[in-house]
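Novice: Sequence plus the predicted model coming up.
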Amino acid sequence: MALQARLYHEIEAAGITYISIGHRSTLFKYHNTLLHISKFDIVNNRQNWQLKPITQEAILPDSILNSDTSSFF
């Protein structure tokens with residue numbers, strides 16, 4: 001995890017905008033927004049994505065990250 005921390009530190013220091021694709025909760029601390037993508041709800045004609053803020057108080061349960069959806073940070 002030290003390499004991961006160094007990588008994100010260097011990215012931040014360089015002012016680079018970045019997106020991480022992963023399922024590990026360790027990525028939360030390097031981001032402030034989660035893009036959650038799920039199957040399109042054809043019955044209700046609803047979008048299949050949501051932007052969700054990531055806060056220390058509201059860490060998402062692993063069940064979201066292990067479902068049949070994709071999450072991007």
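Specialist: Received the coordinates, thanks.

Novice: Could you use CA atoms for every contact and neighbour count after this?
Specialist: Will do.

Novice: Now do stretch 37-52, average pLDDT.
Specialist: In this model, stretch 37-52 has a mean pLDDT of 83.

Novice: err, stretch 2-19, not the other one
Specialist: Rounded to a whole number, the mean pLDDT of stretch 2-19 is 95.

Novice: If you count neighbours, what's buried in that stretch?
Specialist: Judged by neighbour count (16 or more other C-alpha atoms under 10 Å), stretch 2-19 contains these buried residues: Tyr8.

Novice: Any idea how far that stretch is from the middle of the chain?
Specialist: Between the mean C-alpha point of stretch 2-19 and the mean C-alpha point of its chain there is a distance of 15 Å (C-alpha atoms, centre = their mean, to the nearest Å).

Novice: Can you show me the CA trace of it as CSV?
Specialist: Taking C-alpha atoms only, stretch 2-19 is exported to CSV below (Å, rounded to 0.1, in the frame of the first residue of the first chain):
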residue,chain,number,x,y,z
ALA,A,2,3.0,2.3,0.4
LEU,A,3,3.5,2.4,-3.4
GLN,A,4,-0.2,3.2,-3.9
ALA,A,5,0.0,6.1,-1.4
ARG,A,6,3.1,7.4,-3.1
LEU,A,7,1.5,7.2,-6.6
TYR,A,8,-1.6,9.2,-5.5
HIS,A,9,0.6,11.7,-3.7
GLU,A,10,2.7,12.3,-6.8
ILE,A,11,-0.4,12.6,-9.0
GLU,A,12,-2.0,15.2,-6.6
ALA,A,13,1.3,17.1,-6.4
ALA,A,14,1.4,17.4,-10.2
GLY,A,15,-2.1,18.7,-10.3
ILE,A,16,-3.3,15.8,-12.5
THR,A,17,-7.0,15.0,-12.7
TYR,A,18,-7.4,11.3,-12.5
ILE,A,19,-10.0,8.5,-12.4
